[in-house]
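Visitor: Turn this into a structure:
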Amino acid sequence: MSAHATNVLAELHRLANPTNVAGMARFGIVGKKLLGISVVQLRAIAKRIGRDHELAEALWASGIFEARILAAFIADPKCLTRRQAKAWAKDFECWADCDGLCLHLFRKTPFAHELAVAWSHRREELVKRAGFTRMATLAVHDKAASNEVFRNYLGRVQAEATDERHNVKKGANWALRQIGKRNQILNREAVRIAKHIQKKDSKAARWIAADALRELERWKPR
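Guide: Numbering: from 1, shown residues only. All right, here's what the predicted structure looks like:
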């Protein structure tokens, strides 16, 4: 490990606040190594460091939750490989590191759309969630992608809507809602898909659809 990585990890340990760890657990933020550092503090460190992919790799390897969130902030999406993305995804411990990596790093990679679809087929709960989380974040941030891309994503949501696992159904619901708020065409399509999902004999599917429809049927373009 480089001296720079050692120094950054030492700084994180100095900022540790064990009192915050219990509070994080109440929101489902759990892991083997939690320090209780706020996102605000991590963002300040990331701003000071800038892009540093080598450092991000060392921070991820530490296994510390906050170090991994910091890695998401400073890693270079152009340097991240598919193999590395898959390896990091296997290390997810909760919704927070999953969504953090998708929002701040994975969605910015050249293969973001490719892995969104691939991961939505995966068996592992948090990796599968990451597929749908990627779809949700791309719906918001990738202004150039075509409607057809997101129609295909709606098909994946419909196909996986009966997965009863908490993290998967939450991810699928998020994708459905964000795609349906992208534009009027996709809103109509998302509402149609949600109504189909609602008819499935599955608690997860009915929740995904009902929760999304409350938002999508009221949505108006800005």
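Visitor: From the contact counts, what lies against the longest helix belonging to the chain?
Guide: Ranked by number of residues, the top helix in the chain under DSSP state H is helix 125-141. Applying 3 or more Cβ pairs under 8 Å, 6 or more residues apart in numbering; DSSP states H and E, one finds that helix 125-141 contacts helix 82-90, helix 95-104, helix 112-119, helix 147-160, helix 166-180. C-beta: built from backbone N, CA, C; applies to glycine.
Visitor: which ones are touching the residue positioned nearest the centre of the chain?
Guide: Against the mean C-alpha coordinate of the chain, by Cα atoms, centre = their mean, the closest residue is Asp99 at 2.4 Å. Contacts for Asp99 (Cβ atoms under 8 Å, 6 or more residues apart in numbering) come out as Thr133.
Visitor: how close does it get to Ala144?
Guide: Distance of Asp99 to Ala144, given as Cβ to Cβ, to the nearest Å: 23 Å.
Visitor: Ile193: neighbouring residues, count only.
Guide: Residues near Ile193, counting by other Cβ atoms under 10 Å, number 24.
Visitor: Outline the domain layout of the protein.
Guide: As given by automatic domain parsing, the domain ranges for the chain are 1-76, 83-222.
Visitor: out of those domains, deepest packed?
Guide: Of all the domains of the chain, domain 83-222 has the most neighbours on average by mean count of other Cβ atoms under 10 Å, namely a mean of 19.
Visitor: any idea of the mean pLDDT in that one?
Guide: Here domain 83-222 scores 97 as its mean pLDDT.
Visitor: what separates it from the chain centre, distance-wise?
Guide: In terms of Cα atoms, centre = their mean, to the nearest Å, the centre of domain 83-222 is set 9 Å apart from its chain centre.
Visitor: Tell me how far Cys79 lies from His53.
Guide: Going from Cys79 to His53 by Cβ to Cβ gives 4 Å.
Visitor: Kindly apply the preceding question to Thr6 instead.
Guide: Distance from Thr6 to His53, by Cβ to Cβ: 17 Å.
Visitor: With Lys108 instead?
Guide: Lys108 is 13 Å from His53, by Cβ to Cβ.
Visitor: swap in Ser2?
Guide: Relative to His53, and taking Cβ to Cβ, Ser2 is found at 12 Å.
Visitor: show me the contacts for the closest residue to Ala145 other than its chain neighbours.
Guide: Among residues not flanking Ala145 along the chain, Leu138 sits closest, at 6.6 Å (Cβ to Cβ, 6 or more residues apart in numbering). Taking Cβ under 8 Å, 6+ apart, we find Leu138 in contact with 107, 112-113, 116, 145.
Visitor: how about stretch 22-41 as CSV, C-alpha atoms only?
Guide: Taking C-alpha atoms only, stretch 22-41 is exported to CSV below (Å, rounded to 0.1, in the frame of the first residue of the first chain):
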residue,chain,number,x,y,z
ALA,A,22,-25.7,2.6,15.5
GLY,A,23,-27.6,5.3,13.7
MET,A,24,-26.4,4.1,10.4
ALA,A,25,-27.6,0.6,11.2
ARG,A,26,-31.1,1.9,11.8
PHE,A,27,-31.1,3.0,8.1
GLY,A,28,-29.8,-0.4,6.9
ILE,A,29,-26.3,0.8,6.4
VAL,A,30,-24.3,-2.1,7.7
GLY,A,31,-20.9,-3.7,7.1
LYS,A,32,-18.0,-5.5,8.7
LYS,A,33,-15.9,-2.3,9.0
LEU,A,34,-17.9,0.9,9.7
LEU,A,35,-16.3,4.0,11.1
GLY,A,36,-19.4,6.3,11.3
ILE,A,37,-18.0,9.1,9.1
SER,A,38,-20.6,11.4,7.4
VAL,A,39,-20.9,11.7,3.6
VAL,A,40,-20.2,15.4,4.0
GLN,A,41,-16.8,14.7,5.5
